[in-house]
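**Student:** here is the input, now give the coordinates:
(one chain, ligands or ions: 1)
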Amino acid sequence: MNDTKSKELYDKASSMVPGGIHSNSRHRNPHPLYYKKGEGAYVWDVDNNRYLDTIMGNGAVIFGHNDKEFNERMQIYMNSGIVTGLETELSIKAAEKFLSIVKTAEQVRYTNTGTEASMHAMLISRTYTGKQDIAVIEGAYNGWHDAVYVSTWPDLTKAGDHSAPNSLPGSAGLNESMVKSTLVLPFNDLEAAERLLTENQHRIAALILEPVMIDIGYIPAKKAYLEGLRSLCDKLNIVLVFDELLTGFRTAPGGAQEYFGVTPDLAMFGKAISNGYVLAALAGKAKIFETVTPGKGPCSFIGTYNGHQVSLAASLAFMELFEERRVHETLQKRTTHLIDEFGALAKKHGVPAKMQGAGGHFHWYFTDKEINNYREAAASNKDYYAQFIQAFAAKGVYCSPNYLLHHAISMAHTDDIIETMLTYMDESLGSIKL
Ligand SMILES: Cc1ncc(COP(=O)(O)O)c(C=O)c1O
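**Tutor:** All right, here's what the predicted structure looks like:
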């Protein structure tokens, strides 16, 4: 593969931009690739190599790159001349549409990134309960701030006992006492959650979790687990926060809360909410939002770019087209087909592997065991994944080298492209040395 121009750009960039990248997640050896164009399911790098994109901005670009109808619809809502700093009718129209799709939420506030939405959720939860600390799930990523960037993809040699995991920093530079104060629970283990939350009920303000752990592939919660957490949080005066950054508009149109029939107190949305534009939302119960309602509550919720008009134009256009094009049904059908066929192919090649996913998100795990939590996912076969993904990438597919990161398709991944992906999977599975 010719990567001369990417190398040149990297050499130029690395003295100005640390590592030549603006998010460490884009790091790649020996240097990052730089892209110049996206169209449908494909992206092109600056050396004109074409890739079939199976990451799609971590699932954000749900219609596909450069979708003409979406671009045009978005323009209609961008006609006020106002960019940011003021409320407009669009701000209200977008909120109304959002609440008509996410029916379990009573109110919504817009912000920019998922990290900000989770920071707001923590401030609100502390204000609402009068308590200070946060509980998270082992292995989860809910943003990069001190209270929640804890035991995210932790090193299992340091993680301690499964039923009472240690609180490990997800990065250097986090506030040590906040990291230590964060309580870590194993996923899908109600008994451990009940014990740990009850023991720490005097200090835990919020429990934040992804109802399907997509940031470590694709691990759904058991319904009874979520129901159990719901009643525990009610009993112990803990705000239950769902991180729906990845499940929103994908697991079901109204998110995992609609799919499982379990309503959180607050939920964060982002990514697919605006087809890749910068927008996140915090949605939930009106009584909890009273904490930030001027005249009613003392909690701050501010931001120059909150409710940014370009992102809201994108979001309203996205939500309208999402319904008109029956996006969820189509993505669900294609994902199920990929999963079923992959299962048959793995069997044909005698490879212990399975694909898990829904609504366009998916991941391959190289194991024949059931996966219920981070530790079980981390125990899947890294080497088989590396062999598979190397062969898959060599066919011109943009995919994740990390054996625990998720993948996504968009509406632009047509039935023909899905069949192409299956052919690549067949050949890549066949190339694994067991
Ligand atoms: C589940 C989940 N929560 C929170 C975040 C943080 O969102 P952002 O990158 O917009 O800050 C992400 C981002 O990858 C995520 O996947």
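**Student:** R195 should be in a helix, yeah?
**Tutor:** Yes - assigned with DSSP: H, G, I helix; E, B strand; the rest coil, R195 falls within a helix.
**Student:** list the contacts of it.
**Tutor:** S163 (CB atoms under 8 Å, 6 or more residues apart in numbering). From N, CA and C alone the C-beta is placed, and that goes for glycine too.
**Student:** same thing but at 10 Å, please
**Tutor:** Residues counted as contacts of R195 (CB atoms under 10 Å, 6 or more residues apart in numbering) are 163-164, 185, 189.
**Student:** remind me what the longest helix anywhere in the chain packs against, helices and strands.
**Tutor:** For the chain, the longest helix by residue count, based on DSSP state H, is helix 327-349. On a contact count with 3 or more CB pairs under 10 Å, 6 or more residues apart in numbering; DSSP states H and E, helix 327-349 meets helix 309-324, strand 354-358, strand 361-365, strand 407-408, helix 415-430.
**Student:** may I see the buried residues of the last one?
**Tutor:** By 16 or more other CB atoms under 10 Å, the buried positions in helix 415-430 come out as 417-418, 420-422, 424-426, 428-429.
**Student:** quick check: angle from it to strand 354-358?
**Tutor:** For helix 415-430 against strand 354-358, the angle by axes from the mean of the first three to the mean of the last three CA atoms, to 10 degrees is 150 degrees.
**Student:** how many degrees apart are helix 415-430 and strand 361-365 in direction?
**Tutor:** 10 degrees.
**Student:** which strands or helices does helix 415-430 pack on?
**Tutor:** Helix 415-430 sits against strand 50-53, helix 327-349, strand 361-365, helix 382-393, strand 397-398, with contacts defined as 3+ CB pairs under 10 Å, 6+ apart.
**Student:** mind listing what the spatially closest residue to M319 that is not a sequence neighbour touches?
**Tutor:** Closest residue in space to M319, ignoring its immediate chain neighbours: K97 at 4.7 Å, by CB to CB, 6 or more residues apart in numbering. Neighbouring residues of K97 by CB under 10 Å, 6+ apart: 315-316, 318-320, 322-323.
**Student:** following element in sequence after the one helix or strand K97 maps to, please.
**Tutor:** K97 belongs to helix 89-101 when assigned by DSSP states H and E. Counting by DSSP H and E, the next helix or strand C-terminal to helix 89-101 is strand 107-111.
**Student:** what mean pLDDT does that following strand get?
**Tutor:** Regarding strand 107-111, the rounded mean pLDDT is 98.
**Student:** can you give the distance from that strand to the centre of its chain?
**Tutor:** Distance of strand 107-111 from its chain centroid, counting by CA atoms, centre = their mean, to the nearest Å, is 18 Å.
**Student:** thought R325 was touching G64?
**Tutor:** No - using CB atoms under 10 Å, R325 is not in contact with G64, being 11.3 Å away.
**Student:** who has more neighbours, those two?
**Tutor:** G64 (23 against 15; other CB atoms under 10 Å).
**Student:** the more buried one touches G38, doesn't it?
**Tutor:** Yes - here G64 reaches G38: they are 8.3 Å apart, a contact under CB under 10 Å.
**Student:** hey, what's in contact with both of these two?
**Tutor:** Common neighbours of G64 and G38 are listed as 53, 56, 276, 412 (criterion: CB under 10 Å, 6+ apart).
**Student:** between those, which is nearest the ligand?
**Tutor:** G276 (11.4 Å; CB to the nearest ligand atom).
**Student:** got the domain boundaries for the protein?
**Tutor:** Using automatic domain parsing, the domains assigned to the chain come out as 34-63+326-430, 68-324.
**Student:** so is the longest one next to the ligand?
**Tutor:** Meaning domain 68-324. Yes - interface with the ligand: domain 68-324 contributes 113-115, 141-143, 210, 215, 243, 245-246, 270, 280 (CB under 6 Å from any ligand atom).
**Student:** swap in the shortest one?
**Tutor:** Yes - Domain 34-63+326-430 comes into contact with the ligand (CB under 6 Å from any ligand atom), by way of N58.
**Student:** can you give me the end-to-end span of that domain?
**Tutor:** End-to-end distance of domain 34-63+326-430 (CA to CA, to the nearest Å): 31 Å.
**Student:** what's the spacing between the closest residue to the ligand within the stretch 101-250 of the chain and L331?
**Tutor:** With CB to the nearest ligand atom as the measure, G114 is the residue of the stretch 101-250 of the chain nearest to the ligand, at 2.3 Å. G114 sits 20 Å away from L331, going by CB to CB, to the nearest Å.
**Student:** go on, E72?
**Tutor:** 22 Å.
**Student:** between these two, tell me which one has more neighbours.
**Tutor:** Taking other CB under 10 Å, E72 and L331 do not tie; L331 has more neighbours (24 against 10).
**Student:** contacting residues for the more buried one?
**Tutor:** 62, 249-250, 272, 357-361, 408-411, 413.
**Student:** pLDDT value on it, please?
**Tutor:** 98.
**Student:** likewise for the one 4 residues further on?
**Tutor:** Note on T335: pLDDT of 98.
**Student:** tell me the contacts of it?
**Tutor:** Applying CB under 10 Å, 6+ apart, the residues near T335 are 218, 250, 355-362, 408-409, 413, 418.
**Student:** of those residues, which is the most crowded?
**Tutor:** Scoring those on neighbours with other CB under 10 Å, the highest-scoring entry is G359 at 31 neighbours.
**Student:** show me what contacts the closest residue to it other than its chain neighbours?
**Tutor:** Using CB to CB, 6+ apart and skipping the chain neighbours, the partner closest in space to G359 is R250 (3.4 Å). Contacts for R250 (CB under 10 Å, 6+ apart) come out as 59, 62, 212, 214, 244, 256, 259, 271-272, 327-328, 331-332, 335, 357-361, 408.
**Student:** helices along the stretch 101-250 of the chain, start to end?
**Tutor:** All helices of the stretch 101-250 of the chain, identified by DSSP state H, counting those that start in this stretch, fall at 114-129, 176-181, 190-199, 223-236.
**Student:** quick one on the thing from earlier: nearest approach to E176 belongs to which of the helices and strands packed on helix 327-349?
**Tutor:** Among the helices and strands packed on helix 327-349, the nearest to E176 by CB to CB is strand 361-365 (32.5 Å).
**Student:** now do the closest one and helix 382-393, the angle between them.
**Tutor:** Using the same axes, to 10 degrees: strand 361-365 against helix 382-393 is 130 degrees.
**Student:** can you state the direction angle for strand 361-365 and helix 327-349?
**Tutor:** Going by the same axes, to 10 degrees, strand 361-365 makes 10 degrees with helix 327-349.
**Student:** and strand 361-365, which strands flank it?
**Tutor:** Sheet pairing here is set by DSSP bridges, and for strand 361-365 it gives strand 354-358 (antiparallel), strand 407-408 (antiparallel).
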